[in-house]
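Asker: take this sequence and fold it.
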Amino acid sequence: MHMQHSFLDNGSEPGTVYGVLLNDRATVERLAPQFDSAPYKAAPKAPVLYIKPRNTFAADGAVVQIPAVPGEVRVDATIGLVIGRSATQVSVDQAMAHVAGFLVVSDLTLPHENYYRPAVVQRNRDGFCPMSRMFHDEAGFDLDNATLSVTINGERAYERSFATLVRPAAQLLADVSAFMTLAAGDVLLLGPGEGSPLARAGDAIRITVPGLGELSHSVAEEELA
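Answerer: Numbering: from 1, shown residues only. The predicted structure follows:
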């Protein structure tokens, strides 16, 4: 059952949460041979977006149910930009002035490796987007050089740096706002890193962004009605 949670400062849920694919250089390099073949013959020029709808929203401490088959879920841990005021065709220089704060996000997906079809079944299950409360630009926090770590059952499972983004935050926001308006309360995720870890039923996950904050949730096997 979906429950209301307040993630934003005004006690509301986010509006629309937009994910972005292919925003880590290592992923793009690994997939380059695929992009050079049919049907596209080249890597995408514009950001490749998908939506995490309201049924996926879950709060810090959530227990996320996953299907017995495949019995595992990929933890695409990332940072979300919370839009503070409407952004349409903003410049890179002005982009971050439209951001009210940041979320630590566990963008869960059933493992898949197809970038040519929307992964609705894999990414949009109930509870598949745990989000922290909103954090603000803490003193000394450098988003473009931020790091993130994932621990599973207390063991360090993954680390990434946001310095390897194809489009850093301001560039991504500018490029997305070039073709669509982001409204106040919307969230733009900076995208998964290369080699995200897998979690299985019973696992406890903690995502930490030093200098910003953290998010914890667990994974359980789906209870069939």
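Asker: what number of residues lie near Ile66?
Answerer: Ile66 has 22 neighbours, counted by other C-beta atoms under 10 Å. (C-beta placed from N, C-alpha, C; glycine too.)
Asker: wait, what's in contact with it?
Answerer: Going by C-beta atoms under 8 Å, 6 or more residues apart in numbering, Ile66 touches Glu72, Val73, Leu108, Leu110, Arg125, Ala201, Val219, Ala220, Glu221, Glu222.
Asker: again, but for Val150
Answerer: Per C-beta under 8 Å, 6+ apart, neighbours of Val150: Val75, Ala77, Arg156, Ala157, Tyr158, Glu159, Pro197, Ile205, Arg206, Ile207, Thr208.
Asker: buried stuff in the longest helix seen in the chain?
Answerer: In the chain, taking DSSP state H as the definition, the longest helix is helix 25-35. Neighbour counts using 16 or more other C-beta atoms under 10 Å place Thr27, Val28, Leu31 of helix 25-35 among the buried residues.
Asker: can you check stretch 96-106 too?
Answerer: Met96, His98, Val99, Ala100, Gly101, Phe102, Leu103, Val104, Val105, Ser106.
Asker: which strands or helices does the helix or strand following the longest helix of the chain pack on?
Answerer: Toward the C-terminal end, the helix or strand that comes next after helix 25-35 (DSSP states H and E) is strand 48-52. Here strand 48-52 touches strand 17-21, going by 3 or more C-beta pairs under 8 Å, 6 or more residues apart in numbering; DSSP states H and E.
Asker: hmm, who's touching the strand it packs on?
Answerer: 47-53, 56-57, 76, 80, 105, 107, 115, 123, 129, 131, 167, 172, 176, 182, 186-192.
Asker: same thing but 6 Å
Answerer: For strand 17-21, contacts defined as C-beta atoms under 6 Å, 6 or more residues apart in numbering pick out Pro47, Val48, Leu49, Tyr50, Lys52, Asp107, Val187, Leu188, Leu189, Gly191.
Asker: hang on, the earlier thing: quick one, which of the contacts of Ile66 are buried?
Answerer: Taking 16+ other C-beta under 10 Å as the criterion, what is buried in the contacts of Ile66 is Glu72, Val73, Leu108, Leu110, Arg125, Ala201, Val219.
Asker: beta partners for Leu49?
Answerer: Leu49 has these beta-bridge partners by DSSP bridges: Val20.
Asker: rewinding a little: now that we have the contacts of strand 17-21, can you turn them into JSON lines and tack on distance to Gly84?
Answerer: Shown next, in JSON lines, are these (distance: C-beta to C-beta, whole Å):
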{"residue": "Pro47", "distance to Gly84": "20"}
{"residue": "Val48", "distance to Gly84": "25"}
{"residue": "Leu49", "distance to Gly84": "20"}
{"residue": "Tyr50", "distance to Gly84": "23"}
{"residue": "Lys52", "distance to Gly84": "19"}
{"residue": "Asp107", "distance to Gly84": "21"}
{"residue": "Val187", "distance to Gly84": "11"}
{"residue": "Leu188", "distance to Gly84": "12"}
{"residue": "Leu189", "distance to Gly84": "16"}
{"residue": "Gly191", "distance to Gly84": "21"}
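Asker: ranges for the strands of this structure?
Answerer: Applying DSSP state E to the chain gives strands spanning 17-21, 48-52, 57-59, 63-66, 72-83, 99-109, 129-131, 147-152, 155-161, 187-189, 198-200, 204-209, 213-221.
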